[in-house]
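Asks: I'll drop the sequence and a predicted model, then ask my questions.
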Amino acid sequence: MKRFAIYSITTVLSLLLFATITYAQNKVFLNNVDVTGLQNQRFENVNVYFDSLGNLHLSAPQYHVSVSNQAPAQNPSSLPQSPTYAPQTVTTTAAIANPSYPQTYPSAPQNYAPQNPQDPTPIHSYYVVAFNNSPSLLGFDIEVYVNGAHFHTIRQHKAQDVHDITPKLKRGENKIQYRLVLAASAGKSSKARVEVFVATRTGGAGNQLELSGEQGKLLIKGSDEAGKWYDTVINVE
């Protein structure tokens with residue numbers, strides 16, 4: 001009765017390759033390519049099986065096999081020679097995981113400029129803010145002009161006025177003007193003061209606003225005269 005012993009893959013390959021070289025009646029195939037006589041090669045993660053003729057088959061899809069025939073090697077010994085065979089030169093390379101996929105890809109665009117770099121629309125929101133320390137005693141309403149166009153009127157009876165002027169702004173420098181006009185009815189005090197400036201919105205929701213900055217800040221006094229103009233310039237992003 002025949003007995004078989006199980007060894008590691010490396011041991012099995014070494015013994016089988018040696019046996020094949022010595023007796024030559026059996027062959028060794030790597031991925032169905034005859035590599036009988038192959039020497040000094042080591043393969044990892046391979047499947048091994050014998051066919052009905054006793055030939056050894058090694059299955060290793062991760063390797064590619066390229067075979068070129070060379071002239072038979074001559075043994076100078078006078079001893080009886082084993083049947084000759086053509087030594088094989090085998091080149092193995094790791095297989096590409098997905099050979100059907102293209103191996104080169106178009107390079108990404110180098111510039112990601114906005115579609116319209118000249119777009120003048122501000123990226124922030126801007127508000128005219130006015131604080132009146134003596135409501136109804138300034139004696140004037142304050143007309144607000146943005147880039148030459150009247151946009152809003154700050155009424156003197158309000159202690160605080162906050163108004164969005166973003167729709168009339170463009171990126172860069174913008175001219176904000178204020179004109180004093182007599183209020184229809186109210187008293188007048190030379191001690192009345194109104195601080196007015198442009199602030200940038202930084203947060204808030206609903207009726208709550210978070211504002212930052214005081215561009216073009218100026219102080220309007222009750223002692224000023226009707227018809228007076230104030231000119232300021234703000235920078236908009």
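Replies: Alright, I've got the coordinates.

Asks: what ranges do the helices span in the chain?
Replies: Assigned by DSSP state H, the chain shows helices spanning 9-23.

Asks: residue ranges with poor pLDDT in it?
Replies: Residues of the chain meeting the criterion pLDDT under 70: 1-25, 66-118, 186.

Asks: Contact partners for residue 209?
Replies: Contacts for residue 209 (C-beta atoms under 8 Å, 6 or more residues apart in numbering) come out as 127, 162, 201. Where you see a C-beta, it was placed from the backbone N, CA and C, and this is true even at glycine.

Asks: The nearest residue to the last one once chain neighbours are set aside: how many residues sit nearby?
Replies: What that stands for is residue 201. The shortest distance from residue 201 to any non-neighbouring residue, by C-beta to C-beta, 6 or more residues apart in numbering, is to residue 125 (4.1 Å). For residue 125, the count of nearby residues is 16 (other C-beta atoms under 10 Å).

Asks: Tell me how far residue 125 lies from residue 200.
Replies: From residue 125 across to residue 200, the span is 7 Å (C-beta to C-beta, to the nearest Å).

Asks: Look up how far residue 176 lies from the residue nearest to residue 144 when sequence neighbours are not counted.
Replies: Using C-beta to C-beta, 6+ apart and skipping residues adjacent in sequence, the residue nearest residue 144 is residue 152, 4.4 Å away. Distance of residue 152 to residue 176, given as C-beta to C-beta: 11 Å.

Asks: same check, this time on residue 51
Replies: Separation of residue 51 from residue 176 (C-beta to C-beta): 92 Å.

Asks: And for residue 196?
Replies: From residue 196 over to residue 176 (counting by C-beta to C-beta), the distance is 9 Å.

Asks: Need the overlap of contacts for the two.
Replies: residue 128.

Asks: domains of this structure?
Replies: Listed by automatic domain parsing, the domain ranges of the chain are 9-72+82-94, 126-236.

Asks: Can I get those in a markdown table including distance to residue 120?
Replies: As requested, the domains of the chain are exported to a markdown table (distance: least, C-beta to C-beta, whole Å):
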| stretch | distance to residue 120 |
| --- | --- |
| domain 9-72+82-94 | 57 |
| domain 126-236 | 4 |
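
Asks: so of those, which one's packed in deepest?
Replies: Of all those, domain 126-236 has the most neighbours on average by mean count of other C-beta atoms under 10 Å, namely a mean of 16.
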